[in-house]
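Trainee: here's my sequence, what's the structure:
(one chain, ligands or ions: 2)
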Amino acid sequence: GDHWGYGKEDGPSAWHRHYPVAKGSRQSPIDIIPDEARRDSSLGPIFLKYDRCTSLSIANNGHSVVVEFDDSDDRSVIQGGPLDNPYRLKQFHFHWGGKGCEGSEHTVAGVGYASELHLVHWNAVKYTTYEDAATAPDGLAVLGIFLEQGDDHRWLHTITDVLYMVKFKGSATNFKGFNPKCLLPSNLHYWTYLGSLTTPPLHESVIWIVLKEPIVVSEKQLGMFRILQFSGEEEDQRMRMENNFRPPQPLKERILKKRC
Ligand SMILES: COc1ccc(N2C[C@H](O)c3cc(S(N)(=O)=O)sc3S2(=O)=O)cc1
Ligand SMILES: [Zn+2]
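Mentor: Ligands and ions are numbered 1, 2, ... in the order given. Down below sits the predicted model:
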C-alpha cells in the first residue's frame, strides 16, 4: 500500500523524502491572489461535455472518495480555455477538513474553503495511456471547484447517500448514471496555472483550472464525508478520513492567469 498519508509522520511535510519532486518548480496547490492574476486575451471559455452514462463506480482509496469514469472514448471531456485539445474525464474526488475547519487545497488570498472537488481529465489526443499522460507536462487537466458551507446542495446527496457503502479503505460500489454537471456552479470564470498532482506521486503534469465561484453545500452534507475512514475494515486503528488536503506550495516562476 501507499506509505504516505496526511498524518504527522507521513503527511505533506514528509512527502519529499520518497517524492523529491515535492520541492519542484511547479507544485500544487497554490494560494491564489486574485489581484495578481493576469488577464490573458488568448484564454477562451471552458466547455464541459459530461455524458451521463460514463460514471462507473465510487471507491475509498485510503486518501479520498473517488468516482471513476469510463474513459475509453470522448463522451465526457473538458475543452477550450488553456487547453489545446479535449481532455477525457477519468475520475473526480474531494478534499475536506475537520468539523468547522478549512479543507480546500487551493486558497484565495490566504483563505481556504470547507472543501474542494477535483475533476481529473487526461490528454488522450497526445498520449495513449493515462499513465503516460500523468507524467507529461501537458498530460492532465484538473478542474477545481470550491465547496462553501451554507444550504444543502440539491444534488450532492446522490454522493453522500452512498458514502456509508465505501466507509473503509479498499471498498468500492457501483455508481452508474451520475452526471457531474450537477456539481458545477452557474459561472465558469476561472483561474489557470501550470502545476502538479496534490498527492504523491506529485507529478508536474497538471494544467489547473480553478473555478472562481464556489458551490454551496451544508455542514450536514460535509459531515457525511467524515464517516469515511483512512483505514481498512480489518485495521484496529479507526482513522476518520478528514483534513486530507495539501497546503499551498510556492508559486516560484509561475504566472497565474484568469478568464473573468
Ligand atoms: C501513474 O501515475 C499516477 C498518476 C496519478 C495518479 N492519481 C492518484 C493521485 O492521488 C491523484 C491526485 C490528484 S489531484 N489531487 O487532483 O491533484 S489526481 C490523481 S490520479 O488519480 O491521477 C495515480 C498514478
Ligand atoms: Zn485532488
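Trainee: list the buried residues of the strand or helix carrying residue 119.
Mentor: Per DSSP states H and E: residue 119 is located in strand 115-122. Judged by neighbour count (16 or more other CB atoms under 10 Å), strand 115-122 contains these buried residues: 115, 116, 117, 118, 119, 120, 121, 122. Glycine gets a C-beta too; all of them are placed from N, C-alpha and C.
Trainee: and residue 49, what are its bridge partners?
Mentor: Beta-bridge pairing of residue 49 under DSSP bridges involves residue 77.
Trainee: what pLDDT does the residue in the chain sticking out farthest from the centre get?
Mentor: Farthest-out residue of the chain from its mean C-alpha position, per CA atoms, centre = their mean: residue 236, at 29.0 Å. Listed pLDDT for residue 236 reads 79.
Trainee: once you drop chain neighbours, what's closest to residue 135?
Mentor: Among residues not flanking residue 135 along the chain, residue 203 sits closest, at 5.3 Å (CB to CB, 6 or more residues apart in numbering).
Trainee: pretty sure the one you found sits against residue 197.
Mentor: Yes: contact criterion CB atoms under 8 Å: residue 203 and residue 197 qualify, at 5.2 Å.
Trainee: need the residues touching each of these two.
Mentor: Here residue 203 and residue 197 have 134, 140 as joint contacts, going by CB atoms under 8 Å, 6 or more residues apart in numbering.
Trainee: which one of the two has more residues nearby?
Mentor: residue 197 (21 against 18; other CB atoms under 10 Å).
Trainee: helix, strand or coil for that one?
Mentor: With DSSP: H, G, I helix; E, B strand; the rest coil as the basis, residue 197 sits in coil.
Trainee: now do the helices in the stretch 101-250 of the chain.
Mentor: If DSSP state H, counting those that start in this stretch is used as the criterion, the helices of the stretch 101-250 of the chain fall at 130-134, 157-160, 219-225.
Trainee: hmm, the first one in reach of ligand 1?
Mentor: Yes: for helix 130-134 and ligand 1, the contact criterion (CB under 6 Å from any ligand atom) is met by 131, 134.
Trainee: going forward can the numbers begin at 236, since that is how I track them
Mentor: Happy to do that; since the first residue is 236 now, the last one works out to helix 365-369.
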